[in-house]
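Asker: Pasting the sequence and the predicted coordinates here, then a few questions.
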Amino acid sequence: MAILTETKDGPLVLSPEQVEELGRALDDLRARVVADLGDADREYIYSIIKAQRGFEIAGRGLMYLGFLPPFWLAAVAALSVSKILDNMEIGHNVMHGQYDWMRERGLNSREFEWDTVCPADQWKHSHNYMHHTFTNIHGMDRDIGYGILRMDEAQQWNPLRLGQPLYAFALMVLFEWGVMGHDLEVENILRGKKSWSEVKRLVKGQWRKAGRQVLKDYVVFPALTGPLFVSTLAGNAAANLVRNLWAFSIIFCGHFPTGVQTFTEEETAEETRGAWYVRQMLGSANITGGKLFHIMSGNLSHQIEHHLFPDLPANRYPQIAPEVRELCEKYGLPYNTGSLGKQVGSVWLKILELALPPFLVGKESTPGVIVMRQRNTTEVGV
């Protein structure tokens, strides 16, 4: 049993030995899950794909009766569920390589493409590599505010931040487009840090992918319903909106509610595997809910487990969550979790507070956990 060092009013301090012990426990947990992967996981993902396709077919078919409001609403609901499942429980997880072990082409992370405007290869760079490697490190993880919002006190305030609630609302409504533009790093383009050749390549890929999506949702399928073109177009737009609102809420609740910790490059220098695990646990948050809720969230309601093991099949996260929570309790680490309402409220309160000048809010960010570095036990950092 590790002995913790904790002061009454200060942060918890973990020694290098405690961190590496925790890391070994998590490595062992991962190894046990990997060894157990098999038919149940295969059947699960194929059942989700079958459901997603069923909802899409139902939604497309119901659009032919879209002149009747109940059928139009049913069509929108079915298409919304289809798009949410495709993006979150299928697309997001497949592109993380969670099913590469099956060696089946349709579930290969290198070839999979999803039903949204963002090209898969660009998303995998900005999300799989940048975000999951440098989680919550200022200056490296651009998911802290997505280059648009001030989501941490360490981010500089300026008068433009006053409009932050409006920016957040716009990002929520247009979330798939915000995700598409994320890898462009517009702020770096404006600063001249990104070459034109690189920008041109990214824009070309975005134009090609977004063009196909727009053609599909707003031209081809509406045209197939003939005189119901406008109602079908409106229904497809509504389904995309529902998916955007849902995805924004789930993702922001997993990354930005109260209690989530951020880090500096100096604090994470020479980081060990164990320290990387600790950073993932401190930089993520979960959402409580039932089985259907977890499926519809792509199991990103288990964001802590996802950040620890992004390439494990997400349907395993509910299974391992109790053990992860026990490890947090053993080492005195917070296990940030709460209802959807609680986490959403916390996120929007933060958006509103951080839009204001620091002197009006009157808060200072203090780390909840400090990890002692192996190379110098008198120096601390994460």
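Answerer: Received the coordinates, thanks. Keep in mind it's a predicted model, so treat the numbers as computed, not measured.
Asker: if I look at residue 126, how far off is residue 275?
Answerer: Using Cβ to Cβ, to the nearest Å, one obtains 23 Å as the distance from residue 126 to residue 275. To be clear about C-beta, it is placed using only N, CA and C from the backbone, and glycine gets the same treatment.
Asker: swap in residue 345?
Answerer: To residue 275, residue 345 is 31 Å away according to Cβ to Cβ.
Asker: residue contacts, residue 33?
Answerer: Neighbour list for residue 33: 309, 312, 316, 319-320 [criterion: Cβ atoms under 8 Å, 6 or more residues apart in numbering].
Asker: Then residue 151?
Answerer: Taking Cβ under 8 Å, 6+ apart as the criterion, residue 151 is in contact with 144-145, 255-256, 350-351, 354.
Asker: Model confidence for the nearest residue to it once chain neighbours are set aside, exactly?
Answerer: The spatially closest residue to residue 151, leaving aside those adjacent along the chain, is residue 145, at 4.3 Å (Cβ to Cβ, 6 or more residues apart in numbering). Looking at residue 145, its pLDDT reads 87.
Asker: And residue 361, by the same measure?
Answerer: Turning to residue 361, the model gives it a pLDDT of 79.
Asker: shouldn't it be in contact with residue 354?
Answerer: Yes. The criterion here is Cβ atoms under 8 Å, and residue 361 meets it with residue 354 at 7.4 Å.
Asker: So those two - more neighbours on which side?
Answerer: Between residue 361 and residue 354, residue 354 has the larger neighbour count (other Cβ atoms under 10 Å), namely 21 against 14.
Asker: Number of residues surrounding the nearest residue to that one once chain neighbours are set aside?
Answerer: On the basis of Cβ to Cβ, 6+ apart, the spatially nearest residue to residue 354 that is not a chain neighbour turns out to be residue 150, at 4.6 Å. Close neighbours of residue 150, defined as other Cβ under 10 Å, add up to 22.
Asker: before we move on, what about the one 3 residues further on?
Answerer: A count of neighbours around residue 153, defined by other Cβ under 10 Å, yields 17.
Asker: coming back round to it: in three-state terms, label the residue nearest to residue 354 for me.
Answerer: State at residue 150, reduced to three classes by DSSP: H, G, I helix; E, B strand; the rest coil: coil.
Asker: cool, and residue 258?
Answerer: At residue 258, secondary structure determined by three-state DSSP is coil.
Asker: Now for the closest residue to it other than its chain neighbours: which residues touch it?
Answerer: When the adjacent residues along the chain are set aside, residue 258 lies closest to residue 346, with 4.6 Å between them (Cβ to Cβ, 6+ apart). For residue 346, the contact set (Cβ under 8 Å, 6+ apart) comprises 253, 257-258, 338.
Asker: Which pair of the residues you listed spans the longest distance?
Answerer: For these, the maximum inter-member distance is 11.1 Å, found between 253 and 258 (Cβ to Cβ).
Asker: Compare neighbour counts for these two and give me the winner.
Answerer: A count of neighbours by other Cβ under 10 Å puts residue 253 above the other of residue 253 and residue 258, at 26 against 14.
Asker: for this structure, longest helix please?
Answerer: Of all the segments of type helix in the chain, defined by DSSP state H, the longest one is helix 229-255.
Asker: Give the other helices and strands that the helix or strand just after it contacts.
Answerer: Stepping forward along the backbone from helix 229-255, the first helix or strand reached (DSSP states H and E) is helix 273-282. If contacts are counted by 3 or more Cβ pairs under 8 Å, 6 or more residues apart in numbering; DSSP states H and E, helix 273-282 sits against helix 16-36, helix 303-308, strand 369-371.
Asker: and these, which is most packed in?
Answerer: Of the helices and strands packed on helix 273-282, the one with the most neighbours on average (mean count of other Cβ atoms under 10 Å) is helix 303-308, at a mean of 25.
Asker: Now the one residue sitting closest to the centre of the chain: closest residue in space, sequence neighbours ignored.
Answerer: Taking Cα atoms, centre = their mean as the criterion, residue 251 is the residue nearest the geometric centre of the chain, at 4.3 Å. Spatial nearest neighbour of residue 251, chain neighbours left out: residue 300 (6.7 Å); criterion: Cβ to Cβ, 6+ apart.
Asker: what's around that neighbour, how many residues?
Answerer: Summarising burial for residue 300: neighbours were counted as other Cβ under 10 Å, giving 26.
Asker: list the contacts for it?
Answerer: Neighbour list for residue 300: 88, 92, 250-251, 254, 306, 314 [criterion: Cβ under 8 Å, 6+ apart].
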